[in-house]
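>>> I'd like to go over a predicted model; first the sequence, then the structure.
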Amino acid sequence: MHPFTVTEENKPYFLEADLLFQGNFRENHLRFLSSSEKAVSGNFFGKLQEALQQPDAPATWHSAAEPVFTASKSVYEELVQNGIDFLKKGNAEKVVPSRCAQVALSPHFRPVTGFFNLLKQYPHAFVSLVSAPETGTWLGASPEILVVKDKKNIFRTMALAGTQKLAAGLSPADAIWRQKEIEEQSMVVRYVISCFKKIRLREYVETGPRTVAAGNLLHLRSDFCVPLNEEEFPNLTSRMLHLLHPTSAVCGQPKEAALDFLNAHENYNRRYYSGYLGPVNVQHETAVYVNLRCLELRENSAILYAGAGVTVDSDPTKEWQETELKMQTVSAALQLNTPLDDTATGY
Ligand SMILES: C=C(O[C@@H]1C=C(C(=O)O)C=C[C@H]1O)C(=O)O
């Protein structure tokens, strides 16, 4: 779990796994990787079932004490307008201002049920629930790969940007994009290629952009893949991870100028939102995702986070609406009074 920017309050944490299971949540469908894991799992699943069967027992999770600075519509629109003015002066090409909003939690809320709700609704997303004393508790359904290295030693990353609402009755293939979104996404493509260039890697395969659905939204996505040759490019995955983060999809372009703008104007702590998370070197696979479409749990509330790519052609009210739509992705997890549904848990 890695924050957007590393500071005294926001540190990266490597959380070591005690248990890895693959398959359906129901124990008879699980495949354990070792007998010791099976023993640990008995205890883990027993406690989990118990907690889920007693929805009125007091719920506890790790909750951070950081102050919360939410932005109203007018404050966020002003931030976007500041971003547009900053870009018009020629300081940068793109900035990604973000904000958070706080919503009350139902006393029946259970993080694990929220996790399963997200899993059911977004079968193609990276659905995660992380709870640790150091990070607090985060729940999310990310559509965006930062770096992947699969079992076949293929490296992958993507350029995801440009957002529109998925209209009822239409499929992603019917989407029509404006120049603003096409340019915004092509900046992310150029940024990914510039990272490959920094390490003199020319053998990547680029496909797209094509329209993809992520919950109620559509994005433009280009995919990059590199068959890994460890001799020529040792540690490519970790080198690319450090070069890519924060990408121009969540920060802006050029990176330093965009970061300066965000540090000076965003006026809140992103914490782990737009940082990254995911399994590292688990069974020879690494899958690190950008921490987007996420919420953070506090004692009696949830903090929703979202941002929007701003270029000189942006309209502050439309960018506000975009952040509202992005927040809806994960707030879907907050309708949590439904009992655990077995059919929702296969992955
Ligand atoms: C910044 C976010 O999303 C990113 C920004 C996008 C955009 O500006 O169109 C689209 C997808 C993500 O790369 C977010 O979800 O908070």
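The structure has been received and is ready for your questions. Bear in mind that the values here come from a model prediction, so they are computed numbers and not experimental data.
>>> quick one: the closest residue to the ligand within the chain and Lys180, what's the gap?
Closest contact between the chain and the ligand, by CB to the nearest ligand atom, is at Gly309 (2.9 Å). Bear in mind the C-beta positions are built from the backbone N, C-alpha and C, glycine included. Using CB to CB, to the nearest Å, Gly309 is found at 9 Å from Lys180.
>>> who's in contact with the residue lying closest to the residue of the chain closest to the ligand once chain neighbours are set aside?
Spatially, and ignoring its direct neighbours in sequence, Gly309 is nearest to Glu184 (4.7 Å; CB to CB, 6 or more residues apart in numbering). Neighbour list for Glu184: 94, 161-162, 309, 311 [criterion: CB atoms under 8 Å, 6 or more residues apart in numbering].
>>> element containing Glu184?
Using DSSP states H and E, the element containing Glu184 is helix 179-198.
>>> any residue of the helix or strand that comes right after that helix up close to the ligand?
Using DSSP H and E, the helix or strand that directly follows helix 179-198 along the chain is strand 205-214. No - using CB under 6 Å from any ligand atom, strand 205-214 stays clear of the ligand, with a minimum separation of 7.6 Å.
>>> Now do strand 205-214 against helix 179-198, angle only.
Counting by axes from the mean of the first three to the mean of the last three CA atoms, to 10 degrees, strand 205-214 points 140 degrees away from the direction of helix 179-198.
>>> moving C-terminal of strand 205-214, what's the next helix or strand?
Next in sequence after strand 205-214, counting helices and strands by DSSP H and E, comes strand 217-227.
>>> Please point out which parts of the helix or strand following that next one sit buried.
As assigned by DSSP H and E, the chain's next helix or strand after strand 217-227 is helix 236-244. For helix 236-244, the neighbour count (16 or more other CB atoms under 10 Å) marks 236-237, 239-241, 243-244 as buried.
>>> Please pull up the helix or strand immediately following helix 236-244.
Later in the chain than helix 236-244, the nearest helix or strand by DSSP H and E is strand 252-253.
>>> Which strands and helices lie in contact with that next one?
If you count contacts as 3 or more CB pairs under 8 Å, 6 or more residues apart in numbering; DSSP states H and E, strand 252-253 packs onto strand 94-95, helix 179-198, helix 255-265.
>>> Make JSON lines out of the ones you listed and add distance to the ligand and mean pLDDT.
As requested, these are exported to JSON lines (distance: least, CB to the nearest ligand atom, whole Å; pLDDT from 0 to 100):
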{"stretch": "strand 94-95", "distance to the ligand": "9", "mean pLDDT": "96"}
{"stretch": "helix 179-198", "distance to the ligand": "6", "mean pLDDT": "96"}
{"stretch": "helix 255-265", "distance to the ligand": "12", "mean pLDDT": "97"}
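>>> now the angle from the helix holding Glu184 to helix 255-265?
Per the same axes, to 10 degrees, the angle that helix 179-198 makes with helix 255-265 is 120 degrees.
>>> Figure out how far helix 179-198 is from the centre of its chain.
Centroid separation between helix 179-198 and its chain, computed with CA atoms, centre = their mean, to the nearest Å, is 19 Å.
>>> export that helix as PDB, just CAs?
Listed next in PDB are the C-alpha coordinates belonging to helix 179-198 (Å, rounded to 0.1, in the frame of the first residue of the first chain):
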ATOM      1  CA  GLN A 179     -11.100  16.300 -28.600                       C
ATOM      2  CA  LYS A 180     -10.500  17.200 -25.000                       C
ATOM      3  CA  GLU A 181     -10.700  13.600 -23.800                       C
ATOM      4  CA  ILE A 182      -8.700  12.300 -26.800                       C
ATOM      5  CA  GLU A 183      -5.900  14.700 -26.100                       C
ATOM      6  CA  GLU A 184      -6.100  14.000 -22.300                       C
ATOM      7  CA  GLN A 185      -5.600  10.300 -22.900                       C
ATOM      8  CA  SER A 186      -2.900  10.800 -25.500                       C
ATOM      9  CA  MET A 187      -0.900  12.700 -22.900                       C
ATOM     10  CA  VAL A 188      -1.000   9.700 -20.700                       C
ATOM     11  CA  VAL A 189       0.200   7.500 -23.600                       C
ATOM     12  CA  ARG A 190       3.100   9.900 -24.300                       C
ATOM     13  CA  TYR A 191       3.900   9.800 -20.600                       C
ATOM     14  CA  VAL A 192       4.100   6.000 -20.500                       C
ATOM     15  CA  ILE A 193       6.300   5.900 -23.600                       C
ATOM     16  CA  SER A 194       8.600   8.600 -22.100                       C
ATOM     17  CA  CYS A 195       9.100   6.200 -19.100                       C
ATOM     18  CA  PHE A 196      10.000   3.300 -21.400                       C
ATOM     19  CA  LYS A 197      12.400   5.700 -23.200                       C
ATOM     20  CA  LYS A 198      14.100   6.600 -19.900                       C
END
